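Peer 1: need a 3D model of the following:
(2 chains)
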Amino acid sequence: MNPLDLARWQFASTSIYHFLFVPVTIGLAFLVALLQTAWYRNGDSTYLRLARFFGSLLLINVAVGVVTGLIQEFEFGMNWSAYSRLVGNVFGGPLAMEGLAAFFLESTFLGIWIFGWNRLSKKAHLACIWLVAAGTMLSAAFIMAANSWMQHPVGYSTNNSTHQPQLTNIWALFTNPVFLWGYTHVVVASLVTGAVIMLGVSAWHLHRKNQVEAFRRTAVISLVVLLPTVAFNLFVGSELGVVEGTYQPMKIAAAEALWTTCDSHCPFSLFQIGGGNNDETPTQILEIPDLLSILATNHVDGTVQGLNNLNAQYQKEYGPGNYIPNVFIQYWSMRVMAYLGTLVFLFALWGAWLLYRHKLDRAKWFLRVAPWVVILPFLINTAGWMLTENGRQPWIVQGLMLTKNGVSSSVSATDIWISLIVFYLVFAVLGVADGWLMIRFGRRSIGDDPLAKLTSEGESPGGGSPGGSSTGSSSDPDAEFDSSHEDEDDLALVY
Amino acid sequence: MGGFNLGDLWFVIAAVFWGGFFVLEGFDFGVGMLHSFIGRNDLERRVIVNTIGPVWDGNEVWLIVAGAVLFAAFPGWYATMFSALYLALVLVLVALMARGVSFEYQRKFDDPRWRNSWRWALTIGSALVPLLLGVGLGDLLHGLPINSSHEFTGNFFDLLTPFGLWSGLTLLVLSLLMGATYLTLKTTGEIHARAQKASAAIGAVAVVVTFGFMTWIHVGLSTGFVPKPVEALGLMAVIGAAWAAQAKAEGWAFTAAAVGMAGTVWALFSELYPRVMISSTNSAYNLTIANSASPSYSLKVMTVVAVIFLPLVLVYQAWGYHIFKKRLSVPRVGGDEGEHAASPAEATTPAENQ
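Peer 2: A predicted model of the protein is given here:
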């Protein structure tokens, strides 16, 4: 493989890996904040224990999510230095804003939340988890604004002498239709992911009749979040398809393996045999009339342009070359995403029906299936990103720069091989540790948690008067070991 | 040209973030390295790690923003530096990953092998990051083979310049000094006594290393004999920190170590100015503020964002430090708290709860 292919492989695989953790963080942070709010509102300590239980899953996941995100930020400069040099003045902006406005918020308040159970008032501590949840969502907004600019560059003009795209309107990045729909799609998908995990864990316990009273609550909460979000996201995804069909028609044509333009009433094939870039006449199976026109244009008689027609058009506009992305990946990632998404929707409907009939915590099959459904959001999210990023190829920034021109020329194939192997080794260790801990902690019972007992037994949080470290606080190893000897003579200088 | 422009302002802001990162993560790195040696058992090591537990994650964001600031404000600098330091940064990333995860994962499972693995991940990771980033920053000033299109033309071994290595060593030792003095402020009892001893010993080494660093900048890189105020301040601060550590003036020692760290990082930046990355091939190929900065509109946008958010970040991070300002000590074994902490092993088990 040449450095370009290796660099692409590296970016794709490390991004996919990173994004296994991101939606869990966004989704669970929100759900944990909900649970803690329930505790704050009605004082029922079961909610506190549930918040801490799912909070521990959140933290296991955040640890890997954060550190794999570091790679993403470094990789632009390491592997894609020509790209960074050319568009950093536009693309780097949202990344810097993400750090300043969102990631600082998320990380700082997460630290305070973890250690602050007995140091803060209930209200301030609750505010911390909401700031974390807000931080994760805000963070996604900046990243998506940057990514959407690569899909549909806006708010720039090209410098006449240097031919460099220069930012002229920062607001355009945040009103970019690809951003508005894409960001919504990602955040809602994250809530779906978090809800499916919470539902799966709750179902696992309910199936074993373990702490039914507590886990029934989280099963209900996660279902109440899941059903509307998954339904809404099917709609958002289809609208995003229309937006992309407008700005990146090649992406949609490839997702349908449509080689020649279809003028109206274009059918959607459920499956195909064969296909790919070297097979323009695959066998389409089960064609649904008009559906492609609807998905791509919102009209039953909409026109969908074909790959060959678009390619000819691009060659005229951008010069000779092949502007068709990998059709096989495009076709199947779209279907994996859409079909599995629909499956999750049906699963949520099933759960809602059981809930309506008051049978949720006794429905043997539903409870047995739910833990396995946890796998689906990860497949869906990954397929969604493959659809979006593969569909942009061969561009790194649609219409502005080709991927092959963005790669670092000073980095050799050997360098990238070394980094790939090293990253994969670390990923393997982290992945195994994370998965193992998630399962281990997901199977624990809630409540054998000294701090949860302590806090719920009415000890006033935030009491922490100097020298007043109670016996209780030393059984609070999660927070920290309080001092019983105050020796703060020099502290004033530092803080 | 002449006059102070937006590019210069962003050079200063970049220096603030890199300096801020080394000051804040500096003591986290120091504590991470030292926890294996100052802590004699799992319980002590937990206490030591918990002194930075609530704050290290927020501190690490300074690095992320420092990198993103280069990306947004100096795309050319970011592109050349990050692609030139390729393999070094791979190691930095591995170290950051191993160390970042260790905080959360180490206490999740009570098994000696599991704990020890994460313990050394934290110890070694905490040493590698300041060392390697120090080498990288030193290389910016020492110069790397860079051609006329601002591409790095060397290989990994070209990164190991003597001055770069010394810069890495300096930042490593200053991180240790910050970590040791931080621990003297945040702990009690035996840990405190050992941290005091360590800070005094490290202080002496830090003085030598920092003196070498400041001298090298002037004599070795022939930037003139008169030190700049920031360099004089940096060296004086490290000397002050070493003296205060000996005198057990803990607050002063930590403060001075922090100033010494900032002074050292800023010495590099002030010697670089107005260049950002020196080409050892030909000085005509140097990356400068002028030839690597973003156009003014981007910089204006970023200025507005920084003016709004940086003070806000400082306020809430300071609040975080305020909440956790208490010293930590090892819970007494036996005695009236026996039911909670009968043995070190037992005292650490409930940690699994979150």
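Peer 1: and the stretch 151-300 of chain B, which residues reach chain A?
Peer 2: Residues of the stretch 151-300 of chain B that fall close to chain A, judged by C-beta under 8 Å from any C-beta of the partner chain: B:151-153, B:156, B:185, B:188-189, B:192, B:249-252, B:254-255, B:294-295, B:297-298. C-beta: built from backbone N, CA, C; applies to glycine.
Peer 1: can you do 10 Å?
Peer 2: B:151-156, B:181-182, B:184-189, B:192, B:244, B:248-255, B:258, B:292-300 (C-beta under 10 Å from any C-beta of the partner chain).
Peer 1: looking at these, which are in helices?
Peer 2: B:181-182, B:184-186, B:189, B:192, B:244, B:250-255, B:258, B:292, B:296-300 (DSSP state H).
Peer 1: let me see the mean pLDDT of stretch A:287-296.
Peer 2: On average, the pLDDT along stretch A:287-296 is 87.
Peer 1: quick check: buried residues in it?
Peer 2: Using 16 or more other C-beta atoms under 10 Å in any protein chain shown as the test for burial, stretch A:287-296 gives A:Asp290, A:Leu291, A:Leu292, A:Ser293, A:Ile294, A:Leu295, A:Ala296.
Peer 1: just for chain B, where's the confidence low?
Peer 2: Low-confidence segments of chain B (pLDDT under 70): B:1-4, B:222-223, B:332-354.
Peer 1: if we use 50, what do you get?
Peer 2: Along chain B, segments meeting pLDDT under 50 span B:1, B:334-354.
Peer 1: then chain A?
Peer 2: Those would be A:450, A:452-495, if you go by pLDDT under 50 across chain A.
Peer 1: ok, which stretches of it are strands?
Peer 2: Using DSSP state E, the strands of chain A run over A:156-158, A:165-167, A:268-273, A:283-288, A:395-397, A:401-402.
Peer 1: was I right about A:Thr260 contacting A:Thr303?
Peer 2: No: using C-beta atoms under 10 Å, A:Thr260 is not in contact with A:Thr303, being 11.8 Å away.
Peer 1: what's the burial count for residue 228?
Peer 2: Picked chain A for this. Applying other C-beta atoms under 10 Å in any protein chain shown, we find 15 residues neighbouring A:Pro228.
Peer 1: wrong one, chain B
Peer 2: So B:Lys228, with other C-beta under 10 Å, has 18 neighbours.
Peer 1: ok, now A:Pro282?
Peer 2: Using other C-beta under 10 Å: A:Pro282 sits among 18 other residues.
Peer 1: now it: how far from chain B?
Peer 2: Applying C-beta to the nearest C-beta, to the nearest Å, the value for A:Pro282 to chain B is 41 Å.
Peer 1: what's near enough to touch the closest residue to A:Thr46 other than its chain neighbours?
Peer 2: Counting by C-beta to C-beta, 6 or more residues apart in numbering or on different chains, the nearest residue to A:Thr46 once its immediate chain neighbours are dropped is A:Ala214, at 5.1 Å. By C-beta atoms under 10 Å, 6 or more residues apart in numbering or on different chains, A:Ala214 lies in contact with A:Thr46, A:Tyr47, A:Arg49, A:Leu50, A:Phe53, A:Ser202, A:His205, A:Leu206, A:Ser445, A:Ile446, A:Gly447.
Peer 1: make CSV out of these and add neighbour count.
Peer 2: Formatted as CSV, the contacts of A:Ala214 follow (neighbours: other C-beta atoms under 10 Å in any protein chain shown):
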residue, neighbour count
A:Thr46, 21
A:Tyr47, 23
A:Arg49, 24
A:Leu50, 29
A:Phe53, 29
A:Ser202, 30
A:His205, 25
A:Leu206, 25
A:Ser445, 13
A:Ile446, 21
A:Gly447, 18
